[in-house]
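1. Sequence first, then the predicted structure, then my questions.
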Amino acid sequence: MSGARRGGACVFGVFFFAELGRELLLRCFFRLFFLLRSCVELPCIEFAQLPGFDALVTDHLPNSHSTYSHIAITSPESARFFLRAWDLAGRPPLPALAAVGAATAATLTSAGLPVAFTPPTATAASLSASLPLPGSRLPILYPASARAGATLEDGFGA
């Protein structure tokens, strides 16, 4: 939230960023919260497929059920990319899926994939600290964003 003084009155503005077409609920909330004031939509965020996507499709997903103990998905957008990769790989059997929060889990389950684990708090730190790995020596597959921090890998000891 930001504020500025204009003519003796303090004017506040709220800025929020969301994917184009996915911000309807936020827009409605802000319009009601600020007494039906207008909302300006400025598309400025785009998600792009990185070169590692092809390796996910061809090298990692086809035998993932026997190669990895879990696949960790950390956002609804990464879940959508993962679902696209899974579809392109021919929908092979998967190991257990771990979703970092309820929205990510909902994206996966809406595509018919069961989510085996969601941490108590929707953070990468909570996921890495609380994911049950009973005796498994298999690695965890983490299809990540280029901008993702190292919290999850550090938590798993990668």
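-> That came through, no problem.
2. so how many other residues sit close to residue 101?
-> 18 (other Cβ atoms under 10 Å). Where you see a C-beta, it was placed from the backbone N, CA and C, and this is true even at glycine.
3. My guess is it contacts residue 120. True?
-> No: judged on Cβ atoms under 8 Å, residue 101 makes no contact with residue 120 at a distance of 10.4 Å.
4. How about residue 115, nearest residue that isn't a chain neighbour?
-> residue 105 (4.4 Å; Cβ to Cβ, 6 or more residues apart in numbering).
5. mind checking how far that neighbour is from residue 98?
-> 9 Å (Cβ to Cβ, to the nearest Å).
6. Out of the helices and strands in the protein, which is least certain?
-> strand 2-6 (a mean of 47; mean pLDDT, DSSP states H and E).
7. where do the strands sit along the chain?
-> Per DSSP state E, the chain carries strands over the ranges 2-6, 9-13, 70-73, 96-99, 140-141.
8. Could you tell me the least trusted of the ones you listed?
-> With a mean of 47, strand 2-6 has the lowest mean pLDDT of those.
9. Show the contacting residues for residue 107.
-> If you count contacts by Cβ atoms under 8 Å, 6 or more residues apart in numbering, residue 107 has them with 76, 79, 80, 83, 99.
10. What is the nearest of those residues to residue 92?
-> Distance to residue 92 across these (Cβ to Cβ) is lowest for residue 83, with 12.9 Å.
11. give me every residue that touches the closest one.
-> Contacts of residue 83 (Cβ under 8 Å, 6+ apart): 107, 108, 111, 113.
12. Of these, which belong to helices?
-> 107, 108 (DSSP state H).
13. Report the two of the contacts of residue 83 separated the most.
-> 107 and 113, at 9.2 Å, using Cβ to Cβ across the contacts of residue 83.
14. Give the burial count for residue 84, as a bare number.
-> Neighbours of residue 84 under the rule other Cβ under 10 Å: 14.
15. how about it, what does it touch?
-> Neighbours of residue 84 in contact, by Cβ under 8 Å, 6+ apart: none.
16. Could you check how far it is from residue 53?
-> 8 Å.
17. ok, which stretches of the chain are helices?
-> 24-33, 52-55, 64-67, 76-88, 102-110, 124-130, 151-156.
18. What mean pLDDT does the last one get?
-> So that's helix 151-156. 65.
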